[in-house]
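>>> Curious how this folds, go ahead:
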Amino acid sequence: MKTINYIYSLLSIVVIMAMGCEKDNFDAPTSMLTGRVVHQGQPLGLRSGGVQLELWQHGYDLFSKIPIHVDQDGSFSARLFDGNYKLVLLRGNGPWADNTDSLDVNLKGTASVDVPVDPYFIITNQSFQRNGNEITGTVTIQQVNTSRSLERVAIYLGQTLIVDQNNSAARAEVVSGAIADFNQPIELTVSIPASLADKGYLFARIGVKATGVAEYLYSQPQQITL
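Next up, the predicted model:
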């Protein structure tokens, strides 16, 4: 009896190892989907990893989403298997109005898609100037979707290209009540912190936030020589 039990145990181990090898031998996805989150054809500045898209594919037993994280320059990419997908916005995630429409993506080798959104505000005419130990940023804020009001505008300084509300060495902000007309140029000034003063350069960025929305919409980061 012990011999029979040993044989059964040995056979079980062989089966499990064979199943594991079969699973490991599945081909990895090789096709590439790339794209941008845009307004009027222009990519939007976002918090790095703060915005997520959802990719869905029908026709399989397990119907679940594939999360696609958007980079701070508005671009995204994912390595996938060929097939037909639905690309949708994650509700309540992003500095724009919700949109339940989906985009059809036919992936065969490569595919590139722009995802249009309806932002509450956009930033134009960005410029930065160093004055002694301070950085002054100037932007114009344009309201696109009027369903939410302006809450605040902020300037951020950082040591790396990744700079936003969660990644900064210094920041300053102006709340909406202190802005007489946000259609006119807005100036924000922030002191250069000691941690950046001796680095020789820093990165600056400006963000705008709508009321009731977690994510800011940003200008593209700009390097400033000290």
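
>>> Domain parsing of the chain, as residue ranges.
Per the record, the chain has its domains at 31-116, 121-225, by automatic domain parsing.

>>> contacting residues for the spatially most central residue of the chain?
Taking Cα atoms, centre = their mean, the centroid of the chain lies closest to V70, which sits 3.2 Å from it. Residues near V70 by Cβ atoms under 8 Å, 6 or more residues apart in numbering: V37, L46, G49, G50, V51, Q52, L53, F76. C-beta coordinates here come from the backbone N, C-alpha and C atoms, glycine included.

>>> Tell me the bridge partners for it.
On the basis of DSSP bridges, V70 is bridged to V51.

>>> Equivalent analysis for E134, please.
Per DSSP bridges, the residues bridged to E134 are N131, S191.

>>> Check the gap between it and Q165 for me.
The gap separating E134 from Q165 is 20 Å, by Cβ to Cβ, to the nearest Å.

>>> Looking at those two, which is more packed in?
Q165 (18 against 12; other Cβ atoms under 10 Å).

>>> my read: that one touches I206, true?
No - the pair Q165 / I206 is not scored as a contact, 11.3 Å apart, by Cβ atoms under 8 Å.

>>> what residues are shared contacts of those two?
By Cβ under 8 Å, 6+ apart, the residues touching both Q165 and I206 are A154, Y156.

>>> first vs last residue of stretch 107-122, how far apart are they?
31 Å (Cα to Cα, to the nearest Å).

>>> returning to what we had before: any chance of the domains of the chain in a markdown table, plus mean pLDDT?
Formatted as a markdown table, those follow (pLDDT from 0 to 100):
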| stretch | mean pLDDT |
| --- | --- |
| domain 31-116 | 92 |
| domain 121-225 | 95 |
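
>>> What is the end-to-end distance of stretch 36-43?
Stretch 36-43: ends 6 Å apart by Cα to Cα.

>>> where does G177 land in three-state SS?
Secondary structure, DSSP: H, G, I helix; E, B strand; the rest coil: G177 is helix.

>>> start the count at 475, not 1, going forward
New numbering, starting at 475: the last item is G651.

>>> That one: neighbour count?
Neighbours around G651, by other Cβ under 10 Å: 9.

>>> before we move on, what about the one 5 residues further on?
F656: 19 surrounding residues under other Cβ under 10 Å.

>>> Assign a three-state SS to S669, would you?
Three-state assignment for S669 (three-state DSSP): helix.

>>> about what we covered before: which among the contacts of V544 count as buried?
Buried members of the contacts of V544, counted by 16 or more other Cβ atoms under 10 Å: V511, L520, G524, V525, L527, F550.

>>> my guess is the third one meets E689, correct?
Yes - proximity of G524 to E689 meets the contact threshold set by Cβ under 8 Å, at 5.5 Å.

>>> dump the residue contacts of P593.
Counting by Cβ under 8 Å, 6+ apart, P593 has contacts H513, L518, P569, W570, A571, V618, N619, L691.

>>> Between those residues, which sits nearest L581?
L518 (23.4 Å; Cβ to Cβ).

>>> Skipping adjacent residues, who's closest to the closest one in space?
Excluding the flanking residues, the one nearest L518 by Cβ to Cβ, 6 or more residues apart in numbering is G548, at 4.6 Å.

>>> Next, the one you found: phi, psi?
With angles defined as degrees, to the nearest 10, G548 sits at phi 90, psi 0.

>>> Correct me if wrong: it contacts V511.
Yes - under the criterion of Cβ under 8 Å, G548 makes contact with V511 at 4.7 Å.

>>> what sits in contact with each of the two?
Listed as contacting both G548 and V511 by Cβ under 8 Å, 6+ apart are P517, L518, L520.
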